[in-house]
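Trainee: sequence first, predicted model second:
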Amino acid sequence: MFSSRLRHAQGRNRLAIALEARRAAGLAVVDLTLSNPTRAGFVYPPALLQPLAHARGLCYDPQPFGLPAARQAVSEDFGRRGVALPASQIVLTASTSEAYSLLFKLLCDPGDAVLAPRPSYPLVEHLTALDDVCLEHYSLECHGEWAIDIRALRERLAEGHRRVRAIVLINPNNPTGSVVKPVELDAIASLAREHELAIISDEVFADYPLAGTACASALAQQAALTFALGGLSKSAGLPQAKLGWIGVGGPATLVAEAMERLETICDAYLSVSTPVQAAAAELLTAGAPIRAQIQRRVRENVAAISGVAAAYPFCSVLPAEAGWYAVVQVPAITPEEALVVELLERTGVLVHPGYFFDFEREAYLVISLLPETSVLVPAVQAIFREIGQRQ
């Protein structure tokens with residue numbers, strides 16, 4: 001009766017069951033998987049969302065790509081990141097997830113494939129399944145720093161056993177915090193052009209470098225048709241505002257054809273709410289102080305975790321360049337699922353196991369950098385001590 005696109009879960013995992021049991025018993029949980037900035041103790045101006053109540057939101061003017069003023073505001077926000085992109089090459093969406101889905105419809109027939117990095121956040125896996133697209137992986141490898149295995153990617157494309165339509169970049173990657181280097185981007189753009197592929201670059205964490213300047217956009221190159229994704233969820237710390245966008249770049253003829261086809265797709269949905277579009281410019285401006293708070297917090301926290309790890313040499317914080325997660329390699333003396341369940345039960349601290357993100361070997365813990373430092377540090381100390389007792 002039901003579509004095969006929906007992968008029916010075979011019950012809850014052990015960690016979900018243990019977490020529910022702990023909360024039902026009234027025991028405290030220190031959540032180091034926190035991904036929602038609105039629950040992380042940041043100060044939001046009381047009138048921040050007031051523009052959503054403006055009377056201009058009462059006028060419905062359906063535009064497939066979004067209201068011109070909102071697209072212009074996003075164009076200017078790209079400019080803030082050093083990307084010159086006209087409003088005519090911007091498509092508004094209700095979320096990054098919807099942006100992916102629109103692009104899979106644009107680029108792929110059922111059974112076609114896209115290539116995405118591993119390890120990474122599992123969202124792309126679910127979204128490809130829902131659009132009847134196959135997901136294949138290319139590797140991110142860490143040897144002192146994270147790097148894309150360009151050689152393996154080139155060999156995979158040369159095989160041609162399944163039609164690949166796009167290469168997905170998560171830039172910065174979640175959770176590794178790695179960014180695509182200019183030489184890697186050039187190589188991937190060259191492969192995309194050679195094999196007539198598009199690049200889909202998820203850049204939602206680009207505003208959160210852990211040192212130095214903001215991460216470069218895949219739109220910096222013009223060799224391949226490129227779609228850069230962003231949204232208010234990360235850039236302004238407003239996941240509830242539900243506004244995302246696609247910036248389209250590359251060869252002019254491909255951009256024009258992509259925009260023409262996207263217009264048909266977007267016109268069938270018209271999903272972005274009018275009030276948030278009308279308020280886009282104000283929300284992007286007002287979100288800057290929130291973004292600054294998040295930037296300070298994640299930088300403080302990655303330094304704090306590294307400082308704690310220095311006292312526990314068996315726990316190694318992997319290099320990260322951006323984002324709001326830290327990956328810690330720990331001794332593989334217990335399967336990851338058992339380890340995180342036992343850490344929760346014995347310390348009350350909740351962390352992600354590495355296998356949630358398709359790390360190809362064990363053992364890794366993924367820790368959010370959003371919690372307040374005064375909460376994060378003792379929690380990390382507690383789990384490192386517990387792991388040390390198993391040595």
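Mentor: Yes, it's here. Residues are numbered from 1 along each chain as shown.
Trainee: using PDB, write out every CA atom in the element among helices and strands of the chain having the smallest mean pLDDT.
Mentor: The weakest-scoring helix or strand in the chain, judged by mean pLDDT, DSSP states H and E, is helix 150-159 (a mean of 91). The C-alpha trace of helix 150-159 is given here as PDB (Å, rounded to 0.1, in the frame of the first residue of the first chain):
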ATOM      1  CA  ILE A 150      39.600  13.400  -5.500                       C
ATOM      2  CA  ARG A 151      41.300  10.400  -7.200                       C
ATOM      3  CA  ALA A 152      38.600   8.000  -6.000                       C
ATOM      4  CA  LEU A 153      35.900  10.500  -7.100                       C
ATOM      5  CA  ARG A 154      37.400  10.700 -10.500                       C
ATOM      6  CA  GLU A 155      37.600   6.900 -10.800                       C
ATOM      7  CA  ARG A 156      34.000   6.500  -9.700                       C
ATOM      8  CA  LEU A 157      32.800   8.900 -12.400                       C
ATOM      9  CA  ALA A 158      34.900   7.100 -15.000                       C
ATOM     10  CA  GLU A 159      33.200   3.800 -14.200                       C
END
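Trainee: report all helices and strands that it contacts.
Mentor: strand 134-142, strand 164-170, helix 182-194 (3 or more Cβ pairs under 8 Å, 6 or more residues apart in numbering; DSSP states H and E). All C-beta atoms are positioned from the backbone trio N, CA, C, and that covers glycine.
Trainee: name the residues that touch whichever helix or strand comes after the last one?
Mentor: Yep, that's helix 182-194 we're talking about. Moving toward the C-terminus from helix 182-194, the next helix or strand (DSSP states H and E) is strand 198-202. Strand 198-202 has contacts (Cβ atoms under 8 Å, 6 or more residues apart in numbering) with 96, 100, 103, 107, 114, 165-171, 180, 188-189, 192, 217-219, 224-229, 258.
Trainee: name every strand pairing with strand 198-202 and say which way it goes.
Mentor: Here strand 198-202 has these sheet partners by DSSP bridges: strand 164-170 (parallel), strand 226-231 (parallel).
Trainee: which stretch among the ones you listed comes nearest P62?
Mentor: Closest to P62 of these, according to Cβ to Cβ: strand 226-231, at 20.5 Å.
Trainee: ok now that closest one, how far from the chain's centre?
Mentor: 11 Å (Cα atoms, centre = their mean, to the nearest Å).
Trainee: which helices and strands does the very next helix or strand once past that strand pack with?
Mentor: Per DSSP H and E, strand 226-231 leads on to helix 232-235 as the next helix or strand towards the C-terminus. Using 3+ Cβ pairs under 8 Å, 6+ apart, the elements in contact with helix 232-235 are helix 280-286.
Trainee: so T96 makes contact with S233?
Mentor: Yes. Between T96 and S233 a contact is recorded at 7.2 Å, counting by Cβ atoms under 8 Å.
Trainee: touching both of these two, which residues are there?
Mentor: What both T96 and S233 touch, as defined by Cβ under 8 Å, 6+ apart, is the set V204, G244.
Trainee: may I have the residues that are in contact with P172?
Mentor: Residues in contact with P172, defined by Cβ under 8 Å, 6+ apart, are S178, V179, E203, F205, A206, Y208, P209, C215, E321, A322, G323.
Trainee: any idea how far the last one is from S368?
Mentor: If I follow you right, that is G323. Noted for G323: a distance of 10 Å to S368, by Cβ to Cβ, to the nearest Å.
Trainee: SS state for L106?
Mentor: helix (DSSP: H, G, I helix; E, B strand; the rest coil).
Trainee: domain-wise, how is this structure divided?
Mentor: According to automatic domain parsing, the chain comprises the domains 14-43+288-388, 50-286.
Trainee: so which of those gets nearest M1?
Mentor: Nearest to M1 among the domains of the chain is domain 50-286 (17.3 Å), distances taken as Cβ to Cβ.
Trainee: and the closest one, end to end?
Mentor: Domain 50-286 has its terminal residues 11 Å apart, counting by Cα to Cα, to the nearest Å.
Trainee: could you do stretch 320-335 as well?
Mentor: The straight-line separation of the ends of stretch 320-335 (Cα to Cα) is 24 Å.
Trainee: repeat that for stretch 325-334.
Mentor: Stretch 325-334 has an end-to-end distance of 23 Å (Cα to Cα).
Trainee: now that stretch: buried residues?
Mentor: Y325, A326, V327, V328, Q329, V330, T334 (16 or more other Cβ atoms under 10 Å).
Trainee: was I right about the fifth one contacting C315?
Mentor: Yes. In this structure Q329 lies within contact range of C315 using Cβ under 8 Å: 7.4 Å.
Trainee: hmm, back to that, with mean neighbour count and distance to A18 added, can I get the helices and strands packed on helix 150-159 in JSON lines?
Mentor: Listed next are the helices and strands packed on helix 150-159 as JSON lines, based on neighbours: other Cβ atoms under 10 Å; distance: least, Cβ to Cβ, whole Å:
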{"stretch": "strand 134-142", "mean neighbour count": "16", "distance to A18": "29"}
{"stretch": "strand 164-170", "mean neighbour count": "24", "distance to A18": "29"}
{"stretch": "helix 182-194", "mean neighbour count": "18", "distance to A18": "39"}
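Trainee: and those: which comes nearest R291?
Mentor: Among the helices and strands packed on helix 150-159, the nearest to R291 by Cβ to Cβ is strand 164-170 (19.4 Å).
Trainee: quick one: the closest one to chain centroid distance?
Mentor: For strand 164-170, the distance to the chain centre is 14 Å (Cα atoms, centre = their mean).
Trainee: same question for stretch 102-115.
Mentor: On the basis of Cα atoms, centre = their mean, stretch 102-115 sits 19 Å off its chain's mean C-alpha point.
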